[in-house]
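Undergrad: based on what follows, work out the 3D shape:
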Amino acid sequence: MKVDYKDLGIRIKRRREELKMSQAELAARADLSTQHVSNVENARSKIGLDKLVTVANVLGCSVDELLCGSLRTGSRSVYSDEIAGIIEDFSDTEIRILPEFLRNYNYIYKLLKQNIKENGEP
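TA: Purely as a prediction, here's the structure:
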């Protein structure tokens with residue numbers, strides 16, 4: 001299995017920004033250079049497992065939250081938590097129309113998936 005370093009970098013950056021933490025602060029607390037943090041967030045550098053664990057601890061999250069884009073199984077709960085966090089800020093109107101939107105999304109997704117299978121094109 002390959003790690004999706006672009007997704008990993010996006011998740012590290014998103015979590016860091018949620019905490020209103022600068023790259024320099026994350027770097028100092030995780031014993032990394034600011035340049036390395038920037039490179040990891042932009043998928044220009046890889047990060048070792050030991051440092052990833054340190055970064056997760058500094059960010060107050062689990063490693064699976066940062067890696068869930070690379071996981072084939074077991075990441076559903078991470079995505080559910082992420083979705084719950086997103087909809088917390090929705091208005092009452094947005095919450096009311098969300099189920100209909102999701103039903104339509106599922107239908108469109110199935111059509112796209114069928115089209116890819118039939119034509120071999122993304």
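
Undergrad: just how off-centre is the helix-or-strand element of the chain with minimal mean pLDDT within its chain?
TA: Sorting the helices and strands of the chain by mean pLDDT, DSSP states H and E puts helix 76-87 at the bottom, at a mean of 77. Put simply, helix 76-87 sits 10 Å off its chain's centre (C-alpha atoms, centre = their mean, to the nearest Å).

Undergrad: quick check: next helix or strand after that helix?
TA: helix 92-119 (DSSP states H and E).

Undergrad: any idea how far that following helix is from the chain center?
TA: 21 Å.

Undergrad: what does stretch 8-26 give?
TA: Distance, centroid of stretch 8-26 to centroid of chain: 12 Å (C-alpha atoms, centre = their mean).

Undergrad: quick one: buried residues of it?
TA: 8-13, 15-16, 23, 26 (16 or more other C-beta atoms under 10 Å). Quick note: C-beta positions are derived from backbone N, CA and C, even for glycine.

Undergrad: out of those, which sit inside helices?
TA: Members of the buried residues of stretch 8-26 lying in helices (criterion: DSSP state H): 8-13, 15-16, 23, 26.

Undergrad: can I get those in JSON lines with distance to Gln114 and pLDDT?
TA: Shown next, in JSON lines, are those (distance: C-beta to C-beta, whole Å; pLDDT from 0 to 100):
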{"residue": "Leu8", "distance to Gln114": "31", "pLDDT": "93"}
{"residue": "Gly9", "distance to Gln114": "32", "pLDDT": "95"}
{"residue": "Ile10", "distance to Gln114": "29", "pLDDT": "93"}
{"residue": "Arg11", "distance to Gln114": "30", "pLDDT": "92"}
{"residue": "Ile12", "distance to Gln114": "35", "pLDDT": "96"}
{"residue": "Lys13", "distance to Gln114": "35", "pLDDT": "96"}
{"residue": "Arg15", "distance to Gln114": "35", "pLDDT": "93"}
{"residue": "Arg16", "distance to Gln114": "39", "pLDDT": "95"}
{"residue": "Gln23", "distance to Gln114": "43", "pLDDT": "97"}
{"residue": "Leu26", "distance to Gln114": "43", "pLDDT": "98"}
